[in-house]
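Undergrad: From the sequence below, what's the structure:
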Amino acid sequence: MGKLVLEERIKYPPFESYRFKPELLPIAIKKTEIEHNVTESEAYQTIRNLPPPFRIGSKASWLVERRYTLDDETLKLDKEHAQEMLEAVPEDSIVDKQRNGWYLTPNIIHKQARKIMNFSVSILLIALTYLFLEPVISYFGVPSVGTGRVRFGLLDYPLLAVIVVPILFVPIFMRVGANFSDLVKQRRFLRSQPKAPNIKFHSDTTSGGDLIATINFPETKENWQGMSVLWRVGVLPPSRKALMETLGRKENTQPAPGLTTELPHHWSVDLDDGTGGGEDSPMQTTDIKGGLFLRPMRIMQQSEIVNVASDRTVIPPPKGDWPGTIFSPLIRIHWEMVIIIERENLPELLWVQPLKVKHPALFCVTDAIVNSGRTETNHPLSLS
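TA: Predicted coordinates for the structure are as follows:
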């Protein structure tokens with residue numbers, strides 16, 4: 001006789017996860033007792049009516065896992081105990097607020113500015129190193145370059161600084177200009193939003209199967225040139241409160257490893273999930289909850305992109321053996337369909353439709369495909 005427990009384990013990639021060593025970060029583990037004083041056969045009979053377990057990633061890397069244990073021994077499901085099952089997502093969740101409806105594509109200048117910023121900082125460091133070593137170089141008779149003085153007002157500045165500092169400010173001015181352009185674009189869009197598409201699904205979709213749908217738009221704009229569609233699956237960030245509790249941390253104390261400081265204002269208008277430090281998306285208008293830029297899922301896999309057909313559109317599944325829809329405080333497996341509308345002289349317009357996808361019949365294991373945490377570098381077309 002033993003205790004049957006549902007165990008949820010997660011080590012979610014933080015913002016800019018490449019800066020972290022996942023093997024050194026703790027795994028958040030939540031245990032929920034299902035039954036006690038049960039035999040192994042009774043335990044298998046119970047979990048026969050529960051969603052199958054799964055594992056995404058590995059213990060040494062990023063990990064999202066759900067499993068059943070009997071006295072701390074993991075129970076393995078086979079075909080006799082397996083079944084397809086659909087889990088519900090609560091209303092007014094982060095999915096409804098941040099991953100449903102129309103979304104815009106950020107200005108491409110954001111991506112270019114970030115590349116130039118890396119170059120500018122490299123130039124600055126080289127210049128500072130040269131100014132530090134210049135006295136030694138001059139001692140050996142090597143002529144110095146750029147160490148002359150330039151006067152502005154009552155102060156003298158090294159000539160090299162006058163050249164390097166403007167280079168450092170170029171990407172900052174580019175980001176400011178791109179943010180201003182994005183705000184204007186968002187307000188203009190909100191004044192003349194297209195009508196939502198009519199989508200009819202012809203498949204009772206289970207993970208690993210095709211998605212079949214008929215997509216019609218009640219109205220189209222003159223500058224719309226083409227439409228394509230894909231569907232994808234990913235892991236949304238866990239609830240900050242649940243993650244802190246699971247890791248033994250109290251609210252309003254030092255964040256757990258990988259978490260950022262709270263941004264209450266952004267949370268109040270649903271512009272941040274608390275894990276991106278306010279940097280995961282360009283500046284957004286607060287006129288609409290959730291914003292108009294679609295945040296990336298840091299663990300994600302998407303399907304092949306296909307053109308929208310006049311009748312039924314068949315979209316092949318994303319690669320990998322993924323679980324179906326899940327929404328708990330710690331583990332949130334999210335599926336969505338994304339319609340990409342190409343526009344003349346404008347960035348692509350996106351329509352995002354959340355999906356309810358059944359779990360596959362058996363225990364599934366897949367790799368944790370980690371993506372960039374920044375919206376401007378995570379466009380669906382760039383990931384195909």
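Undergrad: For the stretch 101-250 of the chain, which segments count as helices?
TA: For the stretch 101-250 of the chain, applying DSSP state H, counting those that start in this stretch gives helices covering 109-139, 159-191, 240-246.
Undergrad: Next: the stretch 251-384 of the chain.
TA: Using DSSP H, counting those that start in this stretch, the helices of the stretch 251-384 of the chain run over 264-268, 380-383.
Undergrad: ok, of those helices, where does mean pLDDT dip lowest?
TA: Among the helices of the stretch 251-384 of the chain, helix 264-268 carries the lowest mean pLDDT, at a mean of 56.
Undergrad: about what we covered before: which one of the helices of the stretch 101-250 of the chain lies nearest to residue 28?
TA: helix 240-246 (4.1 Å; CB to CB). Placement of C-beta: from N, CA and C, glycine included.
Undergrad: beta partners of residue 313?
TA: In this entry, residue 313 is beta-bridged to residue 213, by DSSP bridges.
Undergrad: surely it meets residue 304?
TA: No - counting by CB atoms under 8 Å, residue 313 does not reach residue 304; the two are 12.0 Å apart.
Undergrad: low pLDDT regions in the protein?
TA: Across the chain, residues meeting the criterion (pLDDT under 70) sit at 79-81, 146, 262-279, 384.
Undergrad: Could you check which of residue 313 and residue 304 has the larger neighbour count?
TA: Per other CB atoms under 10 Å, whichever of residue 313 and residue 304 has more neighbours is residue 313, with 21 against 12.
Undergrad: what's near enough to touch that one?
TA: Residue 313 makes contacts with 212, 213, 214, 215, 229, 306, 307, as judged by CB atoms under 8 Å, 6 or more residues apart in numbering.
Undergrad: Turn these into JSON lines, including neighbour count and distance to residue 145.
TA: Formatted as JSON lines, the contacts of residue 313 follow (neighbours: other CB atoms under 10 Å; distance: CB to CB, whole Å):
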{"residue": "212", "neighbour count": "15", "distance to residue 145": "67"}
{"residue": "213", "neighbour count": "22", "distance to residue 145": "64"}
{"residue": "214", "neighbour count": "15", "distance to residue 145": "68"}
{"residue": "215", "neighbour count": "20", "distance to residue 145": "62"}
{"residue": "229", "neighbour count": "24", "distance to residue 145": "57"}
{"residue": "306", "neighbour count": "13", "distance to residue 145": "57"}
{"residue": "307", "neighbour count": "9", "distance to residue 145": "57"}
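Undergrad: Closest to residue 50 out of those?
TA: residue 212 (28.5 Å).
Undergrad: can you list the domains in the chain?
TA: Using automatic domain parsing, the domains assigned to the chain come out as 2-81, 94-106+195-383.
Undergrad: CSV for these, including distance to residue 135?
TA: Shown next, in CSV, are the domains of the chain (distance: least, CB to CB, whole Å):
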stretch, distance to residue 135
domain 2-81, 35
domain 94-106+195-383, 39
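Undergrad: Please name the residues that touch the residue nearest to the spatial centre of the chain.
TA: Centroid check for the chain by CA atoms, centre = their mean gives residue 297 as the closest residue, at 2.3 Å. By CB under 8 Å, 6+ apart, the residues touching residue 297 are 232, 234, 235, 236, 334, 371.
Undergrad: Done for today, thanks.
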